[in-house]
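K.L.:
What follows is a predicted protein model with its sequence.
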Amino acid sequence: MNDAAHASSPVWSFLNARRPEGLQVHSRRNVLKVGLAGIGGLTLPRLLQQQAQGAAAGARPKSVILLWMAGGPSHIDMWDPKPDRPYNNRGPFSVISSKLPGVIVCEHLPKIAGMMDKLTVIRSVDCKGSNHEPNKVMQTGNREAEPRSNPNGDKYASFGSIIAKHRRDQTDAMPAYVAFQKSRTHVAYGGWLGKEYDPFLANTATRLPILTDVGVDTGQMTGADIFRMSSGVSVERLESRRELATQFDRMRTNLDQSGIMEAGDVYQQQAVEMLLGQKAQRAFDLSREEAAVRDRYGKHLWCQQALVARRLVQAGSSFVTLDLSYHGASGTWDTHGDNIPPYGGISKGLGPLLPLFDHLLTTLVSDLERCGLLDSTLVIAMGEFGRTPNMGTQGSTDGRDHWPEVMSMCLAGGGLRHGQVIGSSDPQGGTIASRPVTPGDLAATIYQYMGVPLDATYDDDRGRPRYIVEENGRPVSELF
C-alpha cells in the first residue's frame, strides 16, 4: 500500500494524516515521510515513544532556564574583558583569573571565576538584527523576528513556545513554558504557533518581593492571586462540568478571533488542573522550600525567582524565562550612561548588577547540581546584544550603546561539555574574530538538546511553513 492510500485507510483516518497541524517536519529538499500514517511534526509517535522509554528508564525530562538580561549586558565589562586597551575601551573594572587557565573575567564575578570549569562562555555571538522593546530575535533564533523592522516580527514562535508544543502531552499538570515577566516587550510569545503556547506568567503565582524601577525593595510582596478562587466558588462547584462551562463561557464573550478562542480549551484544562491539583501550587510555593536553601539564594527578587525556576523544572516545566529587569522599558542592563536614567552607566548601572548576577548564577547552578537536576537542565544567561567597544555614547562619560555586532553568552548544565570558551572577538571587542555563532545556531543547539527535530516547521497565517531553525543553523558542536 502506498503512503497516500495508507494514510487514507479507514483504520488510520482518525489521525487526519493529510491535514497539517501544529508543527510539521520537512527536509530542505522535500517533505519527510515520517511517523505513523505520515504524521509530521513534534508529535511524532516514534519521538514520543523514545521519550516514554527514557522516562520509564528513570531519565529526567530535559528543561531550560533562560536568565534573560533585558537591555543587553556589556560583554567587555563581563565575559570578554580587554584589560590592555585604553580606558574608554576596556572600561572601569579590573579583571581576575578564572578556574580555566588563561581565561579572565570581570573582577566583580569572583564566584563565576571559581566555577568556570562548569560553564561555557561563547564570546562570538552574532546578534545582528536584534533589538529590544520588543526582544524577539535572540529568544526565537530568527533575525526576521524584529517587529521594529518587520511587521510580522512578533509572530515568530519563541524557544519556549516551540518546546511547549513539543512537550504538550508530557507536562503532567505543570505549565510547559513559564515566564517571570517585567514587561510584555521583554519576552517572546507563541506568535503563529498559537496563543495556547504563550508563556504562563508566573508573577502572580508565587509570593515575591516587589521592587521599584531602580531595584529598591518596597517591603511589599505579590500575593499569588492566581491560585485564589473567587468568593463563593467551591471545589465542588469547580468540579461540576456545567458550572465550569458557565464560568468559562463568560470568558469567551470577551474573546476575539485572533486565536484566543482556539486556545480556550487549553486554558480551561490548565486552569482547572492548577486550581484543583496541587503539583503546580506546591512548585510555586516557596514556603515549602527548606529555610537553609532559601537563605542560600537570598531575599533579592531575582534570586527568589531563580529558586522558583529550579522548583518548576523539578516539578516538570520545560522552559522557564526570568526577565532580569527592574523597569519595564528597555531593561535594566541597558547601560547607556549615568546621565540617562534609569539606566545608569557602566560603573553605577552595571556595577551593582554584577555581584548580584554572580551570586544568582552560581547559586542556581550549585543548587541544580545538589538536587540532581544539573545534567537535565540547561541554563542560558544572555541578553539581546552586546555594548559598544568604547564608552561615552549619547553624551555620557561612562555609558555604552547597543552593539549587535558581537555579544557574549554563558551556558551551564544540561549534561553538555563545559569548562571552555568558544569563539573570540577582536582586540577591541567590536567584531567577531573567530567561530561566529548565529541566532540559528543557538536555536539548533537548544532544540537538539531538547530533542526537537531541527527540520520542524509551523504554519504562518497564510499557511506557509516557517522553519524553527533558520540561516542553516547548526548546533554548537563544541557543546555536544
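P.N.:
Done, it's in.

K.L.:
Can you report how many residues neighbour the residue lying closest to residue 436 once chain neighbours are set aside?
P.N.:
Distances taken as CB to CB, 6 or more residues apart in numbering place residue 126 nearest to residue 436, at 4.7 Å, with adjacent residues excluded. Every residue, glycine included, has its C-beta placed from N, CA and C. By the measure other CB atoms under 10 Å, the count of residues near residue 126 is 22.

K.L.:
Residue 126: what's it in contact with?
P.N.:
Applying CB atoms under 8 Å, 6 or more residues apart in numbering to residue 126 gives the contacts 405-406, 432, 436-439.

K.L.:
out of these, which are buried?
P.N.:
Buried by 16 or more other CB atoms under 10 Å: 405-406, 432, 437-439, out of the contacts of residue 126.

K.L.:
and the residues you listed as JSON lines, adding secondary structure?
P.N.:
Formatted as JSON lines, the buried ones among the contacts of residue 126 follow (DSSP: H, G, I helix; E, B strand; the rest coil):
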{"residue": "405", "secondary structure": "coil"}
{"residue": "406", "secondary structure": "coil"}
{"residue": "432", "secondary structure": "strand"}
{"residue": "437", "secondary structure": "strand"}
{"residue": "438", "secondary structure": "coil"}
{"residue": "439", "secondary structure": "helix"}
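
K.L.:
Tabulate those (a markdown table), appending distance to residue 133 and pLDDT.
P.N.:
Listed next are the buried ones among the contacts of residue 126 as a markdown table, based on distance: CB to CB, whole Å; pLDDT from 0 to 100:
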| residue | distance to residue 133 | pLDDT |
| --- | --- | --- |
| 405 | 20 | 98 |
| 406 | 21 | 98 |
| 432 | 25 | 98 |
| 437 | 24 | 98 |
| 438 | 22 | 98 |
| 439 | 18 | 98 |
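
K.L.:
so which of those comes closest to residue 376?
P.N.:
Of all these, residue 376 sits closest to residue 437, with 23.3 Å by CB to CB.

K.L.:
who's that closest one bridged to?
P.N.:
When assigned by DSSP bridges, residue 437 has beta-bridge partners residue 125.

K.L.:
Tell me the spacing between it and residue 71.
P.N.:
Using CB to CB, to the nearest Å, residue 437 is found at 21 Å from residue 71.

K.L.:
my guess is residue 369 is in a strand, correct?
P.N.:
No. Assessed with three-state DSSP, residue 369 is helix; it does not lie in a strand.

K.L.:
Break down the protein into its helices, ranges please.
P.N.:
Here the chain has its helices, by DSSP state H, at 3-8, 45-56, 87-90, 110-113, 137-140, 159-166, 235-239, 241-252, 260-276, 279-284, 291-297, 301-315, 353-370, 439-450.

K.L.:
Give me the contacts around the fifth one.
P.N.:
This points to helix 137-140. So helix 137-140 is contacted by 66, 68, 127, 129-131, 143, 145-146, 156-160, 187-188, 321, 382-385, 439, 442-443 (CB under 8 Å, 6+ apart).

K.L.:
So residue 293 sits against residue 307, correct?
P.N.:
Yes. Assessed by CB atoms under 8 Å, residue 293 is found in contact with residue 307 at 7.1 Å.

K.L.:
Could you pull out the residues contacting both of those two?
P.N.:
Residues touching both residue 293 and residue 307 by CB under 8 Å, 6+ apart: residue 367.
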